[in-house]
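Asks: pasting a predicted model and its sequence here:
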4 protein chains.
Amino acid sequence: MRILLSNDDGYFAPGLAALAEALSGLAQITVVAPERDRSGASNSLTLDRPLILRQASTGFYYVNGTPTDCVHLAVTGMLDHLPDMVISGINHGANMGDDTIYSGTVAAATEGFLLGVPAIAVSLAGGHHGHFATAARVVKEMVERYQREPFAQPTLLNVNVPDVPYESLQGSAITRLGKRHKAEPVVKEQNPRGQTVYWVGAAGGAQDAGPGTDFEAVTRNVVSITPLQIDLTHFAQMDSIKNWLTS
Amino acid sequence: MRILLSNDDGYFAPGLAALAEALSGLAQITVVAPERDRSGASNSLTLDRPLILRQASTGFYYVNGTPTDCVHLAVTGMLDHLPDMVISGINHGANMGDDTIYSGTVAAATEGFLLGVPAIAVSLAGGHHGHFATAARVVKEMVERYQREPFAQPTLLNVNVPDVPYESLQGSAITRLGKRHKAEPVVKEQNPRGQTVYWVGAAGGAQDAGPGTDFEAVTRNVVSITPLQIDLTHFAQMDSIKNWLTS
Amino acid sequence: MRILLSNDDGYFAPGLAALAEALSGLAQITVVAPERDRSGASNSLTLDRPLILRQASTGFYYVNGTPTDCVHLAVTGMLDHLPDMVISGINHGANMGDDTIYSGTVAAATEGFLLGVPAIAVSLAGGHHGHFATAARVVKEMVERYQREPFAQPTLLNVNVPDVPYESLQGSAITRLGKRHKAEPVVKEQNPRGQTVYWVGAAGGAQDAGPGTDFEAVTRNVVSITPLQIDLTHFAQMDSIKNWLTS
Amino acid sequence: MRILLSNDDGYFAPGLAALAEALSGLAQITVVAPERDRSGASNSLTLDRPLILRQASTGFYYVNGTPTDCVHLAVTGMLDHLPDMVISGINHGANMGDDTIYSGTVAAATEGFLLGVPAIAVSLAGGHHGHFATAARVVKEMVERYQREPFAQPTLLNVNVPDVPYESLQGSAITRLGKRHKAEPVVKEQNPRGQTVYWVGAAGGAQDAGPGTDFEAVTRNVVSITPLQIDLTHFAQMDSIKNWLTS
């Protein structure tokens, strides 16, 4: 089995190292990740310049581009074989609810999925305690399961693992994405040159964190596994918009 | 009525100017757009540095950030009132099918929607002939309609207008997103310093362009209007993944 | 006569427009300037990606690169004829003393000089009052003088014009570069994500601003003209270093 | 003794590691280098965003900025004591003649010098054979010499070491900077999106490589040591420009 790993925190991130190590006995691993932290990169693609692929002393490859660029370049221009799976992470911090729209971690997995490869995005929810080993073990078990029984359909999973010791996990749950409150406002400052500058503020707190959501699962120390799709069509709204248009 | 305009082609783009001009009689217009071309930016947010807001001689504001940054900054830190609508575009080129995942044009509208504002992304499908006036008039009519009859629900529309004279349009259709074939492989080159570099290739051709899709509508010179949603949960796959996990 | 204009504040900067307007009657003007503010860019060259040249509605060209890139691209790849002069500016703010090491304005002129073209860097010292017209008129007079009497040698001039009405100028002086005190320390802050960040601080005040320096001239409302060279060899120190090495 | 190391190739570069290792027995070493390759950065300073300082698993610090930023931040905001020396390198490739204007390696040393610290820039001339150990040993010997006998004056040295085994070196020489021919023209290409793009071309060949120059020394397998100064005033030209101005 061949697995392509990527992330959005950069090729030097401890979460990526933990993932590579955990999977090294199960499959042939190739790592292609951004050369610097690209958190918040979403599915952005670099179109105005070419990408350069380099290899670090660890054997990991890195690219002067986004997470999506990394997977795109690896699959369509670097690897001799299509990988059997793309895994992105382990992100330092959760990617739940609306975060999935902005997340570079989810985006790297999405790019694999769009290129026809089963894909998993993995995030350490919380991240302050640094239990990357917990998340790595969860992913390892999912890959072992996949080796016994492949997915029946094209699959893209968003996995958030509570930041606790493995023994403290309370199982896994298939979840839907919750919803966040609106993001905090930008933070306005003066820089030392007297210019007004604006920092993007923090994500909003969980608004819909009810039963069945990723937010709720993680709160109970349960691993959250959300199957994702990429068709943004709002089918349920097609009729009402049609009525609106012809009213 | 207050309308916030943005785009991903940059504050100087002719499509944006055409849009601002067409709407100037209908509403109070504020333009906040990227300082340079950010096509392909998706929903990326700038987290590692603050943003600077400047105003051009045209009165348009521009930001050293992404389309999402622009709308985020305008709505949460600059405007005194929440706008009544966010409109992004007129993009130079279509945003249909899987393009919506990567598009900065769609992302700017999505950010408005996430912040609670009805939003429309508008693209000129084709773009070689430059009939921005056609697309501007289509948007103007939609805004006029909205002024007579607001949307009943939170709404995010992805509009693709054929690049033809207005008189050649064959009406409008509510569509679903089509699907593209896989993207073309990266293009490998040597740069003048002897390094191997890789350009991201072209988007794939339409794979699912059947009846009801945005691709199909535009082919018939019909304006394509797709309602979008942002919940990526693949509800239909939750049971099968649950079975897989517990098998 | 053909003149190439550039700057480091960006193609949209008022100082550049003032310069282009003042010279339009004297010579055929081509403007190639950075697409965004690149103050502090020094002589940096973009080596890891190619440059794109675009034209604004004003007729000015802009490049997604540094001031040095702009002049380099214009002279070696875009213009049909070698220009007769490269002029960079009018910078918003002085470039005196050690500033010349960091300045993108000076760098654009330097690149012209290195490519065999007489070159002038022009800065508005102060810049708060915005008397760009004063600086533009000073440059115009220099170009008129050059048309009557070309430089006898390859020439690179660094011109700083006091930010006062033209009538308040107290003539011109040929000056040497002064020296600044050490720069202010970096300014340490927390960003909204809790990370420590550091802003580069302000330039130091003038340390050597004695008679004959650029600092001193400008203080007296005198236009400062400093001939520059680009050989950094410290000839006066060669013997003492030789002694040190063989001691 | 405290030595601050930096470079322009990035904190992961083998030349930097070789330098750090060679000096580790002689002094307390701190490394602060760019997070990615910034070759060609010249003395550019980052003014439009703040810098972030991170530490790699090797203990080296890295900064999301230029070589000049790295030294500036380390000296004015991070280190508790002013370092006794700043050393930049070992660059992969020569920095001779006009290269010094564009070089980020030289710039990092220059920033140290401007902040009052003796500084050395070191480059491996050639670089294809990778004899970083040769250059590291040359620097080590210079530091040992400095420890016995400090420089008598503020000193900034530009050192180019031939890329040969240490035993093949033919001594050292104090040199002046040579001159290069004009750079090669930009290389014009079409990118896969059909846009014309321009790569900055190669540096010109040596034009003045006569006796006494850095170019000539290296050709004879002699270590080239050029003392640099940073006052760009062209004193010899002041009279002729004065005559020109008043003619």
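Replies: Nice, I can see it. Residues are numbered from 1 along each chain as shown, chains lettered A, B, ... in the order given.
Asks: what does the helix or strand of chain A with the lowest mean pLDDT contact?
Replies: When the helices and strands of chain A are scored by mean pLDDT, DSSP states H and E, strand A:206-208 comes last with a mean of 85. Under the criterion C-beta atoms under 8 Å, 6 or more residues apart in numbering or on different chains, residues A:96-97, A:178-181, A:213, A:215 lie in contact with strand A:206-208. For the C-beta atoms, the positions are set from N, CA and C on the backbone; glycine is no exception.
Asks: for chain C, what's the nearest residue on chain A?
Replies: A:Arg49 (3.6 Å; C-beta to the nearest C-beta).
Asks: returning to that earlier point: strand partners (parallel or antiparallel) of the least confident helix or strand of chain A?
Replies: Paired neighbours of strand A:206-208 in the sheet (DSSP bridges): strand A:179-180 (antiparallel).
Asks: if we can go back for a sec, select only the buried ones of the contacts of strand A:206-208 in PyMOL?
Replies: For the buried members of these, the matching PyMOL selection, counting by 16 or more other C-beta atoms under 10 Å in any protein chain shown, is:
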select buried, chain A and resi 96+97+178+179+180+213+215
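Asks: would TSV of the contacts of strand A:206-208 with pLDDT, secondary structure and distance to B:Ser240 be doable?
Replies: Shown next, in TSV, are the contacts of strand A:206-208 (pLDDT from 0 to 100; DSSP: H, G, I helix; E, B strand; the rest coil; distance: C-beta to C-beta, whole Å):
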residue	pLDDT	secondary structure	distance to B:Ser240
A:Met96	97	coil	22
A:Gly97	95	coil	23
A:Gly178	96	coil	21
A:Lys179	93	strand	24
A:Arg180	90	strand	27
A:His181	87	coil	32
A:Thr213	97	strand	20
A:Phe215	97	helix	23
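Asks: can you map out the helices along chain A?
Replies: A:14-23, A:67-73, A:99-102, A:104-114, A:132-148, A:214-219, A:238-246 (DSSP state H).
Asks: picking that back up, which residues does the residue of chain A closest to chain C contact?
Replies: C:48-50.
Asks: ok, now A:Leu115?
Replies: A:Leu115 neighbours (C-beta under 8 Å, 6+ apart): A:71-72, A:75-76, A:82, B:182-183.
Asks: try A:Leu73
Replies: A:32, A:51, A:53, A:63, A:65, B:186, B:198, B:200.
Asks: among the residues you listed, which one has the most neighbours?
Replies: B:Val200 (30 neighbours; other C-beta atoms under 10 Å in any protein chain shown).
Asks: what sits closest to that residue if chain neighbours are left out?
Replies: Distances taken as C-beta to C-beta, 6 or more residues apart in numbering or on different chains put A:Leu45 closest to B:Val200, at 5.5 Å, once the chain neighbours are dropped.
Asks: so A:Glu189 makes contact with A:Gln195?
Replies: No. If you go by C-beta atoms under 8 Å, A:Glu189 and A:Gln195 don't touch, sitting 9.3 Å apart.
Asks: for chain A, which residues score under the pLDDT cut-off?
Replies: A:127 (pLDDT under 70).
Asks: how about the residues of it by chain C?
Replies: Contact residues (C-beta under 8 Å from any C-beta of the partner chain) of chain A with chain C: A:48-50, A:52, A:64, A:184, A:187, A:189, A:191-193, A:199-202.
Asks: just the buried residues from those residues, in PyMOL please.
Replies: Of the residues of chain A next to chain C, the buried ones can be selected in PyMOL as follows, counting by 16+ other C-beta under 10 Å:
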select buried, chain A and resi 48+49+50+52+64+187+191+199+200+201
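Asks: contacts for stretch A:238-247 next, please.
Replies: Contacts of stretch A:238-247 (C-beta under 8 Å, 6+ apart): B:145, B:149, B:151-153, B:155, B:157, B:172, B:174, B:176, B:225, B:227.
Asks: if any of those residues are buried, give me the ChimeraX selection for them.
Replies: This is the ChimeraX syntax for the buried subset of the contacts of stretch A:238-247, where burial follows 16+ other C-beta under 10 Å:
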select /B:151,155,157,172,174,176,225,227
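Asks: what about the contacts of stretch A:238-247, which are in strands?
Replies: Among those, the members found in strands (DSSP state E) are B:157, B:172, B:174, B:225, B:227.
Asks: so how far is chain D from the nearest residue to A:Gly171 once chain neighbours are set aside?
Replies: Sequence neighbours aside, A:Val222 is the residue nearest to A:Gly171 in space, at 5.7 Å (criterion: C-beta to C-beta, 6+ apart). Taking C-beta to the nearest C-beta, to the nearest Å as the measure, A:Val222 falls 32 Å from chain D.
Asks: before we move on, what about A:Gln147?
Replies: The gap separating A:Gln147 from chain D is 31 Å, by C-beta to the nearest C-beta.
Asks: can you get me a residue count around that residue?
Replies: Counted with other C-beta under 10 Å, A:Gln147 comes out at 13.
Asks: wait, it touches A:Leu26, no?
Replies: Yes. The pair A:Gln147 and A:Leu26 qualifies as a contact (C-beta under 8 Å) at a distance of 7.0 Å.
Asks: which neighbours do these two share?
Replies: Joint contacts of A:Gln147 and A:Leu26 (C-beta under 8 Å, 6+ apart) are A:Met1.
Asks: which ones are touching A:Gly59?
Replies: So A:Gly59 contacts A:Val31 (C-beta under 8 Å, 6+ apart).
Asks: phi and psi next, for it.
Replies: phi 90, psi -10 (degrees, to the nearest 10).
Asks: near chain D, which residues of chain A show up?
Replies: A:12, A:35-36, A:47, A:50, A:56-57, A:64, A:191, A:193.
Asks: dump the residues you listed to JSON lines, plus distance to B:Ile3.
Replies: What follows is these, written out as JSON lines (distance: C-beta to C-beta, whole Å):
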{"residue": "A:Phe12", "distance to B:Ile3": "44"}
{"residue": "A:Glu35", "distance to B:Ile3": "39"}
{"residue": "A:Arg36", "distance to B:Ile3": "37"}
{"residue": "A:Leu47", "distance to B:Ile3": "28"}
{"residue": "A:Pro50", "distance to B:Ile3": "38"}
{"residue": "A:Ala56", "distance to B:Ile3": "48"}
{"residue": "A:Ser57", "distance to B:Ile3": "53"}
{"residue": "A:Asn64", "distance to B:Ile3": "38"}
{"residue": "A:Asn191", "distance to B:Ile3": "31"}
{"residue": "A:Arg193", "distance to B:Ile3": "33"}
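Asks: mind checking which of the residues you listed are in strands?
Replies: Among the residues of chain A next to chain D, no member falls in strands (DSSP E).
Asks: and those, which two are furthest apart?
Replies: A:Ser57 and A:Arg193 (38.8 Å; C-beta to C-beta).
Asks: ok so, going back, nearest to B:Leu124, of the contacts of A:Leu73?
Replies: Closest to B:Leu124, out of all of those and judged by C-beta to C-beta, is B:Val200, at 21.9 Å.
Asks: show me what contacts the closest residue to A:Tyr166 other than its chain neighbours?
Replies: Spatial nearest neighbour of A:Tyr166, excluding adjacent residues (C-beta to C-beta, 6+ apart): A:Thr134 at 4.6 Å. Contacts for A:Thr134 were tallied using C-beta under 8 Å, 6+ apart; they are A:124, A:161-166, A:169.
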